[in-house]
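Participant: quick one, what's the 3D model for this:
(one chain, ligands or ions: 2)
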Amino acid sequence: MAEAVTPFGTTGTTGHLLASLEPLLREWLPRQRWFAGKGRPVTGFTPLATTELLPGKGRLGLYHLLLRVHQPSVPGAPPHPGDCYQLLIGAREVLPPRLAPALIGHVNEGPLAGRTVYEALYDPRPAEVLLEALRTRARVGGLRFERDARQEIRDGLMARLMTAEQSNSSVVYGDTFILKLFRRVVPGVNPDLEIPLVLARAGCARVPAPTAWLQADLDARSYTLAVLQPFVSGASDGWELALRELAKGEDFVAEARALGRATAEVHTALARALPTVTLGQAQLRLLVDGMTERLAAAVRAVPALRPYESGLRSAFTALARLAEAGRTWTAQRIHGDLHLGQCLRSPFGQWSLIDFEGEPARPLAERRMPQPALRDIAGMLRSFDYAALTASPPAPRWAHACRAAYCSGYAEVTGHDPRTDPVLLRAFETDKAIYEVVYEARHRPDWLPVPLSAVRRLSLPDQEARS
Ligand SMILES: Nc1ncnc2c1ncn2[C@@H]1O[C@H](COP(=O)(O)OP(=O)(O)O)[C@@H](O)[C@H]1O
Ligand SMILES: O=P(O)(O)O[C@H]1O[C@H](CO)[C@@H](O[C@H]2O[C@H](CO)[C@@H](O)[C@H](O)[C@H]2O)[C@H](O)[C@H]1O
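Facilitator: Ligands and ions are numbered 1, 2, ... in the order given. Alright, predicted model coming up:
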């Protein structure tokens with residue numbers, strides 16, 4: 001039987017909570033897929049906010065934590081105050097066996113002494129508390145649960161945590177909604193809320209419209225903590241579909257073309273709804289400098305890049321030369337981390353784009369800056385390459401055909417074929433492949449050969465050899 005809903009509230013116990021959880025969290029946190037500071041020990045925590053959502057003395061306690069996590073700085077990088085993470089901690093006297101994978105540990109002292117604490121999102125009941133709070137637009141401590149007044153949330157929807165490998169955590173309610181909780185949070189509006197809201201208001205149906213969201217107001221700064229949006233039931237993502245077709249020896253050209261069109265529709269809507277700017281020599285210099293610095297940092301982090309360093313840099317110097325010659329580009333708000341896994345196809349064949357957070361490792365201000373739309377296109381082109389290289393046997397021709405079809409689809413909507421801009425496209429593809437090398441070295445070392453193979457290709461000086 002479901003536990004009774006207790007009104008949301010905060011109590012005096014929260015102040016002591018962290019001290020008793022600290023030893024458990026030190027061990028548990030670095031093991032989480034979404035923990036960005038892997039490879040460096042956790043040396044301590046500072047609580048930014050601790051909010052009791054269900055009382056700790058009840059059968060089920062539920063705490064919302066925003067924690068600054070202290071770690072030694074990355075070698076060579078400036079000192080860092082530590083990332084802030086969002087946690088939902090459940091507390092029970094006995095953890096039922098079905099929640100064993102969620103275990104954080106047993107608490108020996110403090111307000112939860114004798115209780116077992118666990119990752120609460122695994123547990124439908126606490127997840128349903130979040131939905132109820134969004135439905136009723138609850139205010140708890142510094143937490144603000146907001147809802148689009150035009151969208152209703154039915155009560156009684158069953159919650160289940162998504163088990164996919166993710167940078168954040170998502171809970172699906174019935175087959176109706178999906179709630180994404182951001183794990184590493186920074187002050188300011190998250191583009192994963194901002195952009196879908198703008199697109200919804202602009203009438204662009206290529207992105208699920210946010211239904212509700214959770215904000216925290218701390219020290220006069222606002223944080224986006226979670227976004228609820230309609231769940232595209234029965235959808236497959238582009239990555240699964242592409243691998244499925246590859247395994248069957250089928251091409252993916254029609255879908256790649258449709259994806260090109262979907263990307264173009266989103267770009268067109270964003271360029272209309274939000275300001276665009278012209279990137280002249282000074283801005284392009286900053287862009288090139290950023291790419292060059294990321295390359296240098298990547299070579300320090302992954303020495304396997306060193307043999308390709310000067311060839312890769314030539315992609316950036318070619319862009320700098322065009323800028324010096326007076327070439328300009330338009331910049332606009334974009335997706336920022338577009339790849340096949342961010343594209344969902346409904347059972348009716350309609351493509352949507354999701355996850356507008358941008359590359360989570362980049363500073364928020366940078367992720368919210370207008371950028372050439374080609375950056376997204378480069379991300380998708382890399383993704384076709386990824387799919388083809390992870391297939392067995394690798395299928396470079398398949399990737400080539402998809403890349404061409406994607407660009408053609410994009411050109412059908414915008415009138416601009418990305419291939420007519422090869423220098424900027426190569427610079428963005430190179431920047432992305434370097435990002436991927438670092439990403440894979442950190443998160444999935446077995447996958448490192450995939451972006452390294454692109455690095456080899458992109459470092460070649462002449463275009464013929466690269467294609
Ligand atoms: N609106 C949606 N409908 C159906 N599935 C979704 C929806 N949004 C996200 N998903 C699923 O959740 C997964 C993770 O979502 P995503 O926003 O990419 O999170 P993360 O930033 O943690 O990677 C996606 O790969 C997709 O399978
Ligand atoms: O899922 P996120 O939005 O957090 O993105 C991160 O993880 C992605 C992998 O899950 C990573 O994408 C890379 O691998 C994909 C295949 O798994 C491939 O389709 C992409 O092209 C490739 O970049 C993404 O870079 C990273 O930010």
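Participant: check whether the one helix or strand A427 maps to contacts ligand 2.
Facilitator: Per DSSP states H and E: A427 is located in helix 422-443. Yes. Legend: contact between helix 422-443 and ligand 2 by C-beta under 6 Å from any ligand atom is shown at 436, 439. Where you see a C-beta, it was placed from the backbone N, CA and C, and this is true even at glycine.
Participant: list the buried residues in that helix.
Facilitator: For helix 422-443, the buried set under the neighbour-count rule, 16 or more other C-beta atoms under 10 Å, comprises 423-441.
Participant: with stretch 32-41 instead?
Facilitator: By neighbour count with 16+ other C-beta under 10 Å, stretch 32-41 contains the buried residues 34-37.
Participant: can I get these in CSV including pLDDT, distance to ligand 1 and secondary structure?
Facilitator: Below are the buried residues of stretch 32-41 laid out as CSV (pLDDT from 0 to 100; distance: C-beta to the nearest ligand atom, whole Å; DSSP: H, G, I helix; E, B strand; the rest coil):
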residue, pLDDT, distance to ligand 1, secondary structure
W34, 92, 7, coil
F35, 93, 13, coil
A36, 89, 12, coil
G37, 88, 17, coil
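Participant: what's the most distant pair in those?
Facilitator: Farthest-apart pair in the buried residues of stretch 32-41 is W34 and G37; separation 10.7 Å (C-beta to C-beta).
Participant: so where's the stretch 301-450 of the chain shaky on pLDDT?
Facilitator: Applying pLDDT under 70 to the stretch 301-450 of the chain flags no residue at all.
Participant: follow-up on the earlier one: the helix holding A427: how far from the chain's middle?
Facilitator: With C-alpha atoms, centre = their mean, to the nearest Å as the basis, the distance from the averaged C-alpha position of helix 422-443 to the chain average is 16 Å.
Participant: next structured bit after it?
Facilitator: Counting by DSSP H and E, the element that comes right after helix 422-443 along the chain is helix 449-458.
Participant: so which elements touch that following helix?
Facilitator: helix 309-324, helix 374-390, helix 422-443, helix 463-466 (3 or more C-beta pairs under 8 Å, 6 or more residues apart in numbering; DSSP states H and E).
Participant: redo that, cut-off 6 Å
Facilitator: helix 374-390, helix 422-443 (3 or more C-beta pairs under 6 Å, 6 or more residues apart in numbering; DSSP states H and E).
Participant: nearest to ligand 1, out of those?
Facilitator: With distances scored as C-beta to the nearest ligand atom, the stretch of the helices and strands packed on helix 449-458 nearest to ligand 1 is helix 422-443 (11.8 Å).
Participant: only the C-alpha atoms, please, for that closest one, written as PDB.
Facilitator: Once side chains and other backbone atoms are set aside, the C-alpha atoms of helix 422-443 remain, and they are given as PDB (Å, rounded to 0.1, in the frame of the first residue of the first chain):
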ATOM      1  CA  PRO A 422      33.900  23.200 -45.700                       C
ATOM      2  CA  VAL A 423      36.500  25.200 -43.600                       C
ATOM      3  CA  LEU A 424      34.100  26.000 -40.800                       C
ATOM      4  CA  LEU A 425      32.600  22.500 -41.000                       C
ATOM      5  CA  ARG A 426      36.000  20.900 -40.700                       C
ATOM      6  CA  ALA A 427      36.900  23.200 -37.800                       C
ATOM      7  CA  PHE A 428      33.700  22.200 -35.900                       C
ATOM      8  CA  GLU A 429      34.100  18.500 -36.700                       C
ATOM      9  CA  THR A 430      37.700  18.600 -35.500                       C
ATOM     10  CA  ASP A 431      36.700  20.500 -32.300                       C
ATOM     11  CA  LYS A 432      33.900  17.900 -31.700                       C
ATOM     12  CA  ALA A 433      36.200  14.900 -32.300                       C
ATOM     13  CA  ILE A 434      38.700  16.300 -29.800                       C
ATOM     14  CA  TYR A 435      35.900  16.700 -27.300                       C
ATOM     15  CA  GLU A 436      34.900  13.100 -27.900                       C
ATOM     16  CA  VAL A 437      38.400  11.800 -27.400                       C
ATOM     17  CA  VAL A 438      38.500  13.400 -24.000                       C
ATOM     18  CA  TYR A 439      34.900  12.300 -23.200                       C
ATOM     19  CA  GLU A 440      35.600   8.700 -24.100                       C
ATOM     20  CA  ALA A 441      39.000   8.600 -22.300                       C
ATOM     21  CA  ARG A 442      37.100   9.700 -19.200                       C
ATOM     22  CA  HIS A 443      33.900   7.800 -19.500                       C
END
